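K.L.:
Need coordinates for the following:
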Amino acid sequence: MKVEQVLELIQAVSDSALTEFKYEEDGVKLSLKKTENKIVQVQAPAAPMPMPGVMAAPAPAVPVQVPAAGSGAATGTVDAAESAPAAAESGNAQAALSGNVVKSPLVGTFYAAPAEDAEPFVKVGDSVKEGQVLAIVEAMKLMNEIESDFTGTVKEILVENGQAVEYGQPLFVIS
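P.N.:
This is a model prediction of the structure:
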């Protein structure tokens, strides 16, 4: 599937009442999902798929910015995890943060508690020790515990439960 075809498909899903669309052809998977007002990145293969039995390097991805559901558009990925770029936001947020910042060591989904019905690991105002589990980031169906690098008090929790996080994104401020 060519990038132009992917963009046409995104526009068609955006204009429809669909909230989620999945498509698979010749080993290429496309998943489109309408979300709240945020920008996500769509990646599509830039080169054709290699012939069977021939080893080749993976094709580079072509990033495409697509406005999200607030403007009636769809978001999605081609063979990549869905993520929301927060480069501008994180640059401004990091400048305003004071204290010790615990950052995400990987891309995934942030969970504040070990289970849906369980209490969160920590709340604002809680005292924490170095090595204490603060949250979980799920990546590729693996639950990764996020431990505090600092001893102190949780001053801020910068992400919400279930939110997608990126590598290096600030999660907690500990003073």
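K.L.:
show me what contacts the residue nearest to Asn161 when sequence neighbours are not counted?
P.N.:
Using C-beta to C-beta, 6 or more residues apart in numbering and skipping residues adjacent in sequence, the residue nearest Asn161 is Ala112, 4.5 Å away. Using the backbone N, CA and C atoms, a C-beta is placed for each residue, glycine as well. Taking C-beta atoms under 8 Å, 6 or more residues apart in numbering, we find Ala112 in contact with 120-122, 135, 157, 161.
K.L.:
mind running it again at 6 Å?
P.N.:
Contacts for Ala112 (C-beta atoms under 6 Å, 6 or more residues apart in numbering) come out as 120, 135, 161.
K.L.:
which intervals of the protein have sub-threshold pLDDT?
P.N.:
1-3, 34-96 (pLDDT under 70).
K.L.:
Domain map for it?
P.N.:
When the chain is parsed with automatic domain parsing, its domains come out as 3-78, 87-174.
K.L.:
Burial check on Lys33, number of neighbours?
P.N.:
18 (other C-beta atoms under 10 Å).
K.L.:
If it is in a bridge, with which residues?
P.N.:
Judged by DSSP bridges, the bridge partners of Lys33 are Glu20, Thr75.
K.L.:
follow-up on the earlier one: which phi and psi does the residue nearest to Asn161 have?
P.N.:
Backbone geometry at Ala112, expressed as degrees, to the nearest 10, gives phi -80, psi -20.
K.L.:
I'd like the distance between it and Asn144.
P.N.:
14 Å (C-beta to C-beta, to the nearest Å).
K.L.:
what residues are up against Lys103?
P.N.:
168, 170.
K.L.:
how much space between it and Gln5?
P.N.:
With C-beta to C-beta as the criterion, Lys103 and Gln5 are 37 Å apart.
K.L.:
hmm, back to that, out of the contacts of Ala112, which one sits closest to Gly168?
P.N.:
Ala135 (15.3 Å; C-beta to C-beta).
K.L.:
what's the closest non-adjacent residue to that closest one?
P.N.:
That would be Ile146: by C-beta to C-beta, 6+ apart, it lies 4.7 Å from Ala135.
K.L.:
residues touching the one you found, list them.
P.N.:
Here Ile146 is in contact with 134-135, 137 (C-beta under 6 Å, 6+ apart).
K.L.:
This completes my enquiry, with thanks.
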